[in-house]
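Asker: Here's my sequence, what's the structure:
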Amino acid sequence: MSHVLPNRLAPGVPYPLGASWDGLGVNFAVFSANAEKIELCLFDPTGRKELARLALPECTDEVWHGYLPNAHPGTVYGFRAHGPYQPQHGHRFNPHKLLLDPYARKLVGQFRWSDALFGYRMHSNRLDLSIDRRDSAPAMPKCVVVDEAFDWSHDTRPNVPWGETVIYETHVRGTSMRRHDLRAHERGTFSALSSPEFIDHLRKLGVTAVELLPVHAFLNDRFLVERDLRNYWGYNTAAFFAPEPSYLSTHRLDEMRIAIRQLHAAGIEVILDVVYNHTCEGGELGPTISWRGLDNASYYRLIPGDERHHINDTGCGNTLNVPQPRVLQMITDSLRYWATAFNIDGFRFDLGVTLGREHTGFDPGSGFFDALRQDPVLAQRKLISEPWDIGPGGYQLGNHPPGFGEWNDRYRDTVRRFWRGDAGLRPDLAARLTGSADLFNRRHRKPWASVNYVASHDGYTLADLVSYEQKHNEINGENNNDGHNENCSSNWGAEGPSDDPAIVATRARVARSLLATLFVSLGTPMLLAGDESGRTQQGNNNAYCQDNDISWIDWERAATDDGRRMTAFVARLIALRKQHPLLRETRFLFGDREVLPGVHDIGWFDERGEPLSTEAWQDTEGRALTLRRAGPGRDGETEVLLMMLNASANTLQFTPPAPQLEWYVLLDTAQSDVAPYALTAPQLSIEAHGFALLAAQPTGTADWFAAWRAAERVLATPPAEPSDIAVSTAPPDEAIGNDEVDESDEGPPQA
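Answerer: As a prediction, the model looks like this:
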């Protein structure tokens with residue numbers, strides 16, 4: 001320390017919450033409605049030695065606060081909360097437990113699993129009704145005061161319209177751990193995310209946004225650590241305002257900001273997958289690291305009349321008490337912080353139904369939704385909900401308020417089942433291809449509200465979807481009991497890898513048909529990272545704990561001929577979507593507009609070119625159909641598109657419906673690399689499990705090769721040369737935090 005610490009704090013102010021440096025000192029403010037006293041604990045720069053304990057001298061409107069003069073960014077701290085230890089009444093105060101500031105911007109040190117992290121004696125017959133008096137500080141990371149100043153250099157958020165958005169779901173660590181062209185310490189970090197090579201890959205693909213799996217600091221579950229595994233996905237938040245330290249190669253917050261700035265410069269938005277439905281503290285038998293010790297009864301939803309136990313609508317042991325005003329404030333403050341201090345473009349809400357629950361259940365007019373929709377900052381960001389949880393009435397697809405997109409698992413399952421050859425799916429598939437109007441055409445919502453996907457982090461990759469019929473999660477250590485049992489998948493003749501040419505060809509064709517369907521459907525398409533080159537998880541459909549080659553993008557495969565052809569095919573699909581406005585229509589279609597004589601904006605036909613009758617729609621054996629779209633093209637000229645889908649087990653001859661037009665075949669999933677060509681025959685042969693896209697422009701001329709050139713740019717790029725630097729499979733730290741505060745980011749660590 002550069003000065004003598006005072007023996008008491010000045011009163012300070014109750015707002016803003018957290019630790020705020022004003023140039024002369026630091027104000028500390030933390031909410032607790034039921035605490036009797038809260039102490040500020042100050043530590044040395046490593047966080048190992050406690051230097052002082054000072055009581056927060058004031059409590060205003062249930063916010064405890066105090067001011068430390070002459071403190072600077074880099075100050076390391078935590079809290080201790082005094083109050084009743086009465087679990088049966090929902091109170092779990094224990095001053096022996098060091099607590100993270102819920103508003104901490106940065107962490108230093110690591111979680112080290114120990115019984116001392118628990119507020120009760122784990123081996124007591126009374127379980128959590130007992131109290132543990134060991135100091136948890138040696139096993140805890142600490143909070144760090146930061147200076148938020150950063151030169152954004154005129155950074156401008158891309159503001160891509162929803163209708164033009166293409167999302168790439170990826171993971172900060174998994175994106176680059178197998179990038180041999182990077183230095184070892186850069187792999188798995190934001191530094192790698194901003195590398196020119198990765199950004200060039202995104203641009204050539206044509207995606208407009210990256211959706212990052214959770215980047216908030218998180219806790220590795222004890223049971224995983226004991227199995228020598230890690231919580232790879234990170235849906236186990238320990239700090240809502242602090243980035244995961246192991247994702248920072250320099251240990252500086254600016255590294256994340258630089259990555260965002262570089263992505264923005266390339267026209268790519270950044271969406272964060274955020275977890276505000278629960279915390280890493282688990283159920284009543286979980287550790288005490290922050291919210292539980294500060295005010296368990298306020299921060300969490302407890303069972304009425306049995307306040308010892310948590311409501312568990314999340315399946316993760318606890319549920320944040322979102323209707324509580326200060327808890328809702330914490331969530332919205334966190335969102336606003338990421339939106340302003342890091343220029344984040346949007347958020348995907350894990351288990352979004354939980355956030356919209358009032359005490360009576362899910363409510364699209366809940367305080368959470370209202371708070372975001374009226375907020376002048378957050379309402380301008382992309383907001384996406386995972387529309388389910390495990391609580392009562394937990395499936396709410398299509399029931400979110402205007403302004404929200406929703407992950408559409410109905411789309412995922414219908415498209416998977418159709419291409420698997422399941423019967424009776426024509427009506428459901430038609431709805432999914434056209435924006436799921438049956439789910440979203442209410443309150444003037446648009447087709448983009450349907451976030452369409454065929455694979456996501458949660459489940460099979462695309463390659464595994466066509467290679468496995470049974471999950472293979474044995475390495476997760478749960479006897480293959482975890483993960484979904486039904487994946488709407490097919491192995492097409494053999495479980496897992498195969499060298500049978502017929503099986504390999506069928507799998508490739510079905511995978512291309514799945515992707516083609518995704519990018520011609522109305523809605524917002526989302527591509528799982530690595531699916532563009534055939535990444536496999538070896539049949540694991542719940543790889544949340546596999547921080548290894550199972551989960552990381554396989555860049556070596558991406559550099560093979562097969563990987564590059566697949567990547568080029570995806571780039572071609574995205575380019576087709578951009579080239580043809582009909583594929584990204586922002587209004588629902590009802591076939592009530594005649595665009596050309598006898599040609600409406602939308603029409604449905606069988607493979608013979610005959611309009612689908614009521615009987616044909618109801619034919620459970622109907623596995624083929626043609627969708628015709630008509631409307632303005634890119635240059636305003638009328639354009640007509642045909643989408644021919646053959647999910648049957650046989651090659652079929654498709655006849656374009658009347659009237660006769662000059663058709664060009666833009667895409668045929670029988671092959672990945674055939675250039676557009678004129679259809680001179682009266683019919684087009686579509687192979688089993690195949691898809692074709694045709695286009696005609698009755699007036700004017702069209703450049704049918706634009707999308708083809710996008711694919712050629714991918715193939716023209718030589719694969720990266722591998723480096724001889726060994727890949728380390730261990731993260732920069734085995735748990736949250738690093739042992740030193742980087743003073744170049746936060747200034748001198750003084751109090």
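Asker: Met330 should be in a strand, yeah?
Answerer: No. Met330 sits outside any strand when classified using DSSP: H, G, I helix; E, B strand; the rest coil, being helix.
Asker: My read is that it contacts Leu17, right?
Answerer: Yes. Counting by C-beta atoms under 8 Å, Leu17 is a contact partner of Met330 at 7.5 Å. Just so you know, the C-beta spots here come from the backbone N, C-alpha and C atoms, and that holds for glycine as well.
Asker: Relative to Asp549, how far out is the most centrally placed residue in the chain?
Answerer: The centroid of the chain falls nearest to Asp273 when counting by C-alpha atoms, centre = their mean (3.7 Å). Note on Asp273: its distance to Asp549, by C-beta to C-beta, to the nearest Å, is 22 Å.
Asker: Show me the contact partners of stretch 49-62.
Answerer: Here stretch 49-62 makes contact (C-beta atoms under 8 Å, 6 or more residues apart in numbering) with 1, 5-12, 14, 28, 30-33, 37-44, 64-66, 68, 80, 137, 326, 751.
Asker: Weed out the non-buried ones from the residues you listed.
Answerer: Applying 16 or more other C-beta atoms under 10 Å to the contacts of stretch 49-62, the neighbour count classes 9, 12, 14, 28, 30-33, 38-43, 64-66, 68, 80, 137, 326, 751 as buried.
Asker: Let me see the contact set for Arg412.
Answerer: Taking C-beta under 8 Å, 6+ apart, we find Arg412 in contact with Asn452, Tyr453, Val454, Ala455, Ser456, Cys488.
Asker: So what does it look like in phi/psi?
Answerer: Main-chain torsions, Arg412, degrees, to the nearest 10: phi -50, psi -50.
Asker: Please apply the same query to Lys382.
Answerer: According to degrees, to the nearest 10, Lys382 has phi -70, psi 130.
Asker: Equivalent analysis for Leu583, please.
Answerer: Torsion angles, degrees, to the nearest 10, at Leu583: phi -80, psi -10.
Asker: ok, back up a step: go through the contacts of stretch 49-62 and flag which are in helices.
Answerer: Under the assignment DSSP state H, those contribute Arg326 to helices.
Asker: Is it correct that Asn452 is in contact with Val520?
Answerer: No. Counting by C-beta under 8 Å, Val520 is not a contact partner of Asn452; they are 10.3 Å apart.
Asker: joint contacts of Met330 and Leu17?
Answerer: Common neighbours of Met330 and Leu17 (C-beta under 8 Å, 6+ apart) are Phe31, Pro102, Tyr103.
Asker: how about the strands in the stretch 51-200 of the chain?
Answerer: Applying DSSP state E, counting those that start in this stretch to the stretch 51-200 of the chain gives strands spanning 58-60, 63-69, 76-82, 85-86, 91-92, 107-108, 142-144, 167-170.
Asker: can you put the ones you listed in TSV and add distance to Phe569 and mean pLDDT?
Answerer: Compiled in TSV, these are given as follows (distance: least, C-beta to C-beta, whole Å; pLDDT from 0 to 100):
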stretch	distance to Phe569	mean pLDDT
strand 58-60	61	99
strand 63-69	56	99
strand 76-82	51	99
strand 85-86	61	98
strand 91-92	55	99
strand 107-108	42	98
strand 142-144	46	99
strand 167-170	16	99
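Asker: Could you dump those into JSON lines and include distance to Leu253?
Answerer: Below are those laid out as JSON lines (distance: least, C-beta to C-beta, whole Å):
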{"stretch": "strand 58-60", "distance to Leu253": "29"}
{"stretch": "strand 63-69", "distance to Leu253": "21"}
{"stretch": "strand 76-82", "distance to Leu253": "15"}
{"stretch": "strand 85-86", "distance to Leu253": "36"}
{"stretch": "strand 91-92", "distance to Leu253": "32"}
{"stretch": "strand 107-108", "distance to Leu253": "11"}
{"stretch": "strand 142-144", "distance to Leu253": "10"}
{"stretch": "strand 167-170", "distance to Leu253": "21"}
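Asker: Tell me which of those sits most buried.
Answerer: Highest mean neighbour count among the strands of the stretch 51-200 of the chain (mean count of other C-beta atoms under 10 Å): strand 142-144, with a mean of 30.
Asker: List the neighbouring strands of that strand plus their orientation.
Answerer: Counting by DSSP bridges, the strands paired with strand 142-144 are strand 76-82 (antiparallel), strand 107-108 (antiparallel).
Asker: Serialize those strands to JSON lines and add fields for distance to Phe241.
Answerer: Output for the strands paired with strand 142-144, formatted as JSON lines (distance: least, C-beta to C-beta, whole Å):
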{"stretch": "strand 76-82", "distance to Phe241": "14"}
{"stretch": "strand 107-108", "distance to Phe241": "10"}
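Asker: domains in the protein, as residue ranges please.
Answerer: Listed domain ranges for the chain are 162-581, 592-715 (source: automatic domain parsing).
Asker: for the ones you listed, which one ends up most surrounded?
Answerer: With neighbours taken as mean count of other C-beta under 10 Å, the domains of the chain reach their highest mean count in domain 162-581, at a mean of 21.
Asker: what's the first-to-last distance across that one?
Answerer: Terminal residues of domain 162-581 are spaced 13 Å apart (C-alpha to C-alpha, to the nearest Å).
Asker: and what of stretch 477-496?
Answerer: With C-alpha to C-alpha as the measure, the first residue of stretch 477-496 is 20 Å from its last.
Asker: likewise stretch 172-182?
Answerer: With C-alpha to C-alpha, one end of stretch 172-182 sits 14 Å from the other.
Asker: swap in stretch 207-227?
Answerer: When the termini of stretch 207-227 are compared using C-alpha to C-alpha, they are 37 Å apart.
Asker: And stretch 123-132, by the same measure?
Answerer: Across stretch 123-132, first to last residue, C-alpha to C-alpha, it's 10 Å.
Asker: what's in contact with that stretch?
Answerer: Outside stretch 123-132, the residues within contact range by C-beta under 8 Å, 6+ apart are 85, 87-88, 92, 94, 96, 115-116, 118-122, 284-285, 308.
Asker: Quick check: buried residues in it?
Answerer: Across stretch 123-132, burial judged by 16+ other C-beta under 10 Å covers Asp128, Ser130, Ile131, Asp132.
Asker: Tell me the one of the residues you listed nearest Gly563?
Answerer: Asp128 (51.3 Å; C-beta to C-beta).
Asker: And the strands in the stretch 201-350 of the chain, which stretches?
Answerer: Here the stretch 201-350 of the chain has its strands, by DSSP E, counting those that start in this stretch, at 209-212, 216-218, 237-243, 269-274, 302-303, 306-310, 346-349.
Asker: Show the average pLDDT along the fifth one.
Answerer: When you say that, I think you mean strand 302-303. Averaged over strand 302-303, pLDDT sits at 98.
Asker: do the same with the first one
Answerer: Across strand 209-212, the average pLDDT comes to 99.
Asker: Okay, helices next: where are they in the stretch 451-600 of the chain?
Answerer: Taking DSSP state H, counting those that start in this stretch as the criterion, the stretch 451-600 of the chain carries its helices at 462-465, 501-520, 555-558, 561-579.
Asker: Same question for the stretch 301-450 of the chain.
Answerer: Here the stretch 301-450 of the chain has its helices, by DSSP H, counting those that start in this stretch, at 325-341, 352-355, 367-374, 409-420, 426-433, 437-440.
Asker: want to throw those into JSON lines with mean pLDDT and distance to Ala505?
Answerer: Converted to JSON lines, the helices of the stretch 301-450 of the chain look like this (pLDDT from 0 to 100; distance: least, C-beta to C-beta, whole Å):
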{"stretch": "helix 325-341", "mean pLDDT": "99", "distance to Ala505": "45"}
{"stretch": "helix 352-355", "mean pLDDT": "99", "distance to Ala505": "40"}
{"stretch": "helix 367-374", "mean pLDDT": "98", "distance to Ala505": "47"}
{"stretch": "helix 409-420", "mean pLDDT": "99", "distance to Ala505": "15"}
{"stretch": "helix 426-433", "mean pLDDT": "98", "distance to Ala505": "24"}
{"stretch": "helix 437-440", "mean pLDDT": "98", "distance to Ala505": "35"}
